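Asks: the sequence isn't on hand, but the structure is:
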Ligand code: CA
(Lines give C-alpha, C1' and ligand atoms only; values in the text may rest on other atoms or scores of the structure.)
Protein backbone atom coordinates (compact mmCIF):
# COMPACT_ATOMS: atom_id res chain seq x y z
CA UNK A 1 0.00 0.00 0.00
CA UNK A 2 1.27 3.46 -0.88
CA UNK A 3 1.00 5.59 2.18
CA UNK A 4 1.57 9.27 2.95
CA UNK A 5 2.50 10.09 6.52
CA UNK A 6 2.29 13.78 7.36
CA UNK A 7 3.85 14.42 10.74
CA UNK A 8 6.22 17.17 11.81
CA UNK A 9 7.56 15.42 14.91
CA UNK A 10 10.60 13.68 13.38
CA UNK A 11 10.91 11.02 16.08
CA UNK A 12 7.26 10.04 15.86
CA UNK A 13 7.32 10.16 12.05
CA UNK A 14 10.36 7.94 11.90
CA UNK A 15 8.87 5.42 14.35
CA UNK A 16 5.60 5.16 12.44
CA UNK A 17 7.30 5.00 9.05
CA UNK A 18 9.67 2.26 10.17
CA UNK A 19 6.78 0.25 11.60
CA UNK A 20 4.71 0.55 8.42
CA UNK A 21 7.63 -0.27 6.15
CA UNK A 22 8.04 -3.41 8.23
CA UNK A 23 4.51 -4.31 7.11
CA UNK A 24 5.55 -3.86 3.48
CA UNK A 25 3.87 -0.49 3.04
CA UNK A 26 5.55 2.06 0.81
CA UNK A 27 5.75 5.13 3.05
CA UNK A 28 6.38 8.75 2.05
CA UNK A 29 7.00 11.06 5.00
CA UNK A 30 6.22 14.78 4.78
CA UNK A 31 6.48 17.26 7.65
CA UNK A 32 4.77 20.29 6.11
CA UNK A 33 1.05 20.58 5.37
CA UNK A 34 1.45 22.68 2.24
CA UNK A 35 3.95 20.30 0.69
CA UNK A 36 1.74 17.37 1.65
CA UNK A 37 -1.18 19.03 -0.12
CA UNK A 38 0.96 19.41 -3.24
CA UNK A 39 2.12 15.79 -3.11
CA UNK A 40 -1.47 14.62 -2.74
CA UNK A 41 -2.44 16.47 -5.90
CA UNK A 42 0.09 14.54 -7.94
CA UNK A 43 0.50 11.16 -6.46
CA UNK A 44 -1.85 8.25 -6.06
CA UNK A 45 -1.65 7.46 -2.37
CA UNK A 46 -3.80 4.65 -0.98
CA UNK A 47 -3.82 5.87 2.60
CA UNK A 48 -3.03 9.08 4.48
CA UNK A 49 -1.97 9.46 8.10
CA UNK A 50 -2.25 13.09 8.99
CA UNK A 51 -1.12 15.07 12.01
CA UNK A 52 -3.38 18.03 12.82
CA UNK A 53 -0.80 20.54 14.04
CA UNK A 54 1.46 21.08 11.04
CA UNK A 55 3.54 23.92 9.65
CA UNK A 56 2.49 25.29 6.26
CA UNK A 57 -1.10 24.09 6.29
CA UNK A 58 -3.02 22.53 9.17
CA UNK A 59 -4.21 18.94 9.01
CA UNK A 60 -7.88 19.98 8.95
CA UNK A 61 -7.30 22.02 5.82
CA UNK A 62 -5.29 19.20 4.21
CA UNK A 63 -8.12 16.71 4.72
CA UNK A 64 -10.72 19.23 3.58
CA UNK A 65 -8.79 19.75 0.35
CA UNK A 66 -8.38 15.99 -0.16
CA UNK A 67 -12.16 15.51 -0.07
CA UNK A 68 -12.86 18.67 -2.05
CA UNK A 69 -10.76 17.25 -4.87
CA UNK A 70 -12.87 14.13 -4.66
CA UNK A 71 -10.00 11.95 -3.47
CA UNK A 72 -11.36 8.99 -1.57
CA UNK A 73 -8.41 7.32 0.05
CA UNK A 74 -8.81 6.69 3.78
CA UNK A 75 -7.46 9.40 6.08
CA UNK A 76 -6.64 8.83 9.74
CA UNK A 77 -5.92 11.93 11.79
CA UNK A 78 -3.19 11.90 14.39
CA UNK A 79 -3.84 14.43 17.08
CA UNK A 80 -2.38 15.51 20.38
CA UNK A 81 -5.66 17.17 21.23
CA UNK A 82 -8.27 15.05 22.88
CA UNK A 83 -11.08 17.58 22.62
CA UNK A 84 -14.33 16.04 21.43
CA UNK A 85 -14.98 19.02 19.16
CA UNK A 86 -11.70 18.45 17.36
CA UNK A 87 -12.50 14.85 16.67
CA UNK A 88 -15.99 15.56 15.40
CA UNK A 89 -14.72 18.41 13.27
CA UNK A 90 -12.06 16.18 11.71
CA UNK A 91 -14.55 13.43 10.93
CA UNK A 92 -17.03 15.96 9.52
CA UNK A 93 -14.36 17.15 7.13
CA UNK A 94 -14.01 13.65 5.75
CA UNK A 95 -11.43 11.91 7.91
CA UNK A 96 -12.20 8.25 8.56
CA UNK A 97 -10.79 7.89 12.04
CA UNK A 98 -8.40 9.53 14.46
CA UNK A 99 -5.72 8.53 16.91
CA UNK A 100 -4.81 10.52 19.98
CA UNK A 101 -1.11 10.80 20.80
CA UNK A 102 0.54 8.94 22.35
CA UNK A 103 -0.69 5.70 20.82
CA UNK A 104 0.67 2.21 20.38
CA UNK A 105 1.73 1.27 16.88
CA UNK A 106 -0.38 -1.87 17.20
CA UNK A 107 -3.41 0.38 17.70
CA UNK A 108 -2.53 2.37 14.60
CA UNK A 109 -2.31 -0.84 12.65
CA UNK A 110 -5.68 -2.07 14.00
CA UNK A 111 -7.38 1.22 13.15
CA UNK A 112 -5.97 1.14 9.64
CA UNK A 113 -7.22 -2.38 9.08
CA UNK A 114 -10.66 -1.40 10.41
CA UNK A 115 -10.89 1.55 8.03
CA UNK A 116 -9.82 -0.62 5.10
CA UNK A 117 -12.35 -3.29 6.05
CA UNK A 118 -15.09 -0.69 5.98
CA UNK A 119 -14.16 -0.22 2.35
CA UNK A 120 -12.10 2.90 2.81
CA UNK A 121 -13.74 6.24 2.73
CA UNK A 122 -17.39 7.13 2.41
CA UNK A 123 -18.81 6.85 -1.05
CA UNK A 124 -18.54 9.95 -3.13
CA UNK A 125 -21.47 11.74 -4.67
CA UNK A 126 -21.54 11.90 -8.43
CA UNK A 127 -19.53 14.56 -10.22
CA UNK A 128 -21.32 16.69 -12.74
CA UNK A 129 -20.80 19.39 -15.30
CA UNK A 130 -24.12 20.62 -16.69
CA UNK A 131 -25.90 17.63 -18.26
CA UNK A 132 -22.84 15.42 -17.85
CA UNK A 133 -22.88 13.23 -14.73
CA UNK A 134 -20.16 10.80 -13.61
CA UNK A 135 -21.20 8.31 -10.96
CA UNK A 136 -17.83 7.39 -9.48
CA UNK A 137 -19.05 4.47 -7.42
CA UNK A 138 -20.80 2.74 -10.26
CA UNK A 139 -18.38 4.12 -12.85
CA UNK A 140 -21.35 5.12 -14.96
CA UNK A 141 -21.49 8.20 -17.12
CA UNK A 142 -24.68 9.93 -18.17
CA UNK A 143 -25.23 12.73 -20.59
CA UNK A 144 -28.57 14.47 -20.39
CA UNK A 145 -30.00 11.42 -18.61
CA UNK A 146 -28.81 8.93 -21.25
CA UNK A 147 -25.95 6.50 -20.59
CA UNK A 148 -22.63 7.52 -22.10
CA UNK A 149 -20.27 4.65 -22.90
CA UNK A 150 -16.65 5.48 -22.18
CA UNK A 151 -13.43 3.52 -22.51
CA UNK A 152 -11.12 3.46 -19.50
CA UNK A 153 -8.90 6.26 -20.80
CA UNK A 154 -11.85 8.33 -21.99
CA UNK A 155 -13.26 8.07 -18.48
CA UNK A 156 -9.99 9.22 -16.92
CA UNK A 157 -9.69 12.21 -19.23
CA UNK A 158 -13.30 13.19 -18.73
CA UNK A 159 -13.19 12.72 -14.97
CA UNK A 160 -10.20 15.06 -14.72
CA UNK A 161 -11.99 17.67 -16.82
CA UNK A 162 -15.23 17.42 -14.85
CA UNK A 163 -13.36 17.68 -11.55
CA UNK A 164 -11.68 20.85 -12.79
CA UNK A 165 -15.19 22.27 -13.27
CA UNK A 166 -14.39 24.59 -16.15
CA UNK A 167 -10.80 25.34 -15.18
CA UNK A 168 -8.06 24.34 -17.58
CA UNK A 169 -6.37 21.00 -17.01
CA UNK A 170 -2.78 20.76 -18.23
CA UNK A 171 -2.08 18.33 -21.08
CA UNK A 172 0.53 16.57 -18.98
CA UNK A 173 -2.08 15.79 -16.33
CA UNK A 174 -4.47 14.36 -18.91
CA UNK A 175 -1.82 12.54 -20.88
CA UNK A 176 -1.32 9.63 -18.48
CA UNK A 177 1.19 7.12 -19.70
CA UNK A 178 0.10 7.15 -23.32
CA UNK A 179 2.21 8.48 -26.16
CA UNK A 180 2.07 12.03 -27.53
CA UNK A 181 -0.90 11.76 -29.85
CA UNK A 182 -3.10 9.56 -27.71
CA UNK A 183 -4.68 12.40 -25.77
CA UNK A 184 -5.84 14.16 -28.96
CA UNK A 185 -7.45 10.90 -30.03
CA UNK A 186 -9.46 10.63 -26.83
CA UNK A 187 -10.43 14.28 -26.93
CA UNK A 188 -11.56 13.99 -30.54
CA UNK A 189 -13.67 10.95 -29.66
CA UNK A 190 -15.27 12.65 -26.68
CA UNK A 191 -15.87 16.01 -28.30
CA UNK A 192 -18.72 15.27 -30.73
CA UNK A 193 -20.59 13.19 -28.18
CA UNK A 194 -20.48 15.92 -25.53
CA UNK A 195 -21.18 18.72 -27.97
CA UNK A 196 -24.51 17.16 -28.82
CA UNK A 197 -25.58 17.96 -25.25
CA UNK A 198 -24.01 21.41 -25.16
CA UNK A 199 -20.77 20.53 -23.35
CA UNK A 200 -17.69 21.75 -25.18
CA UNK A 201 -14.08 20.68 -24.69
CA UNK A 202 -12.06 23.82 -25.33
CA UNK A 203 -8.43 23.64 -26.33
CA UNK A 204 -6.26 26.08 -24.40
CA UNK A 205 -3.38 26.32 -26.82
CA UNK A 206 -0.02 25.29 -25.48
CA UNK A 207 -1.51 24.31 -22.13
CA UNK A 208 -4.42 21.93 -22.03
CA UNK A 209 -8.18 21.59 -22.13
CA UNK A 210 -11.23 22.73 -20.23
CA UNK A 211 -14.95 22.12 -20.28
CA UNK A 212 -17.41 24.83 -21.21
CA UNK A 213 -21.19 24.99 -21.55
CA UNK A 214 -22.41 26.03 -24.98
CA UNK A 215 -24.11 29.37 -24.35
CA UNK A 216 -26.89 29.01 -26.89
CA UNK A 217 -27.76 25.49 -25.83
CA UNK A 218 -31.39 25.29 -24.72
CA UNK A 219 -30.97 22.83 -21.84
CA UNK A 220 -29.29 25.50 -19.78
CA UNK A 221 -30.82 24.77 -16.39
CA UNK A 222 -28.39 23.13 -14.00
CA1 LIG B 1 2.48 18.34 14.93
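Replies: That came in fine, so what should we check first? All values reported here derive from a predicted model rather than from experimental measurement.

Asks: over to the closest residue in space to residue 80 that isn't next to it in sequence: give its phi and psi.
Replies: Closest residue in space to residue 80, ignoring its immediate chain neighbours: residue 101 at 4.7 Å, by Cβ to Cβ, 6 or more residues apart in numbering. Glycine gets a C-beta too; all of them are placed from N, C-alpha and C. Dihedral pair for residue 101: phi -70, psi 140, per degrees, to the nearest 10.

Asks: give me the distance between residue 101 and residue 128.
Replies: 40 Å (Cβ to Cβ, to the nearest Å).

Asks: since we're on residue 148, how many residues are nearby?
Replies: 19 (other Cβ atoms under 10 Å).

Asks: thought it was touching residue 131?
Replies: No. The pair residue 148 / residue 131 is not scored as a contact, 10.0 Å apart, by Cβ atoms under 8 Å.

Asks: re earlier: check the burial of the residue nearest to residue 80 by counting its neighbours.
Replies: Neighbour tally, residue 101, other Cβ under 10 Å: 14.

Asks: just residue 117 next, same as before
Replies: Using other Cβ under 10 Å, residue 117 has 8 neighbouring residues.

Asks: can you check residue 42 too?
Replies: Count around residue 42 with other Cβ under 10 Å applied: 8.

Asks: with the one 3 residues further on instead?
Replies: Per other Cβ under 10 Å, the neighbour tally for residue 45 reads 21.

Asks: next one: it from the ion, what distance?
Replies: 19 Å (Cβ to the ion, to the nearest Å).

Asks: which residues are in contact with that residue?
Replies: 2, 3, 4, 28, 39, 73 (Cβ atoms under 8 Å, 6 or more residues apart in numbering).

Asks: cutoff 6 Å now
Replies: Residues in contact with residue 45 (Cβ atoms under 6 Å, 6 or more residues apart in numbering) are 2, 4, 73.

Asks: relative to residue 14, which of the residues you listed is nearest.
Replies: residue 4 (15.1 Å; Cβ to Cβ).

Asks: got the phi and psi for the nearest residue in space to the closest one that is not next to it in sequence?
Replies: The spatial neighbour of residue 4 that comes closest, neighbours along the chain excluded (Cβ to Cβ, 6+ apart), is residue 45 at 4.5 Å. Residue 45 adopts backbone torsions of phi -90, psi 150, taken as degrees, to the nearest 10.

Asks: what's across from residue 201 in the sheet?
Replies: Under DSSP bridges, the beta-bridge partners of residue 201 are residue 211.

Asks: the residue in the chain that the ion sits nearest to and residue 31, how far apart?
Replies: Residue nearest to the ion within the chain: residue 53 (3.8 Å; Cβ to the ion). In this structure, residue 53 and residue 31 are 11 Å apart, going by Cβ to Cβ.

Asks: would you mind splitting this protein into its domains for me?
Replies: The chain is divided into the following domains under automatic domain parsing: 2-123, 126-213.
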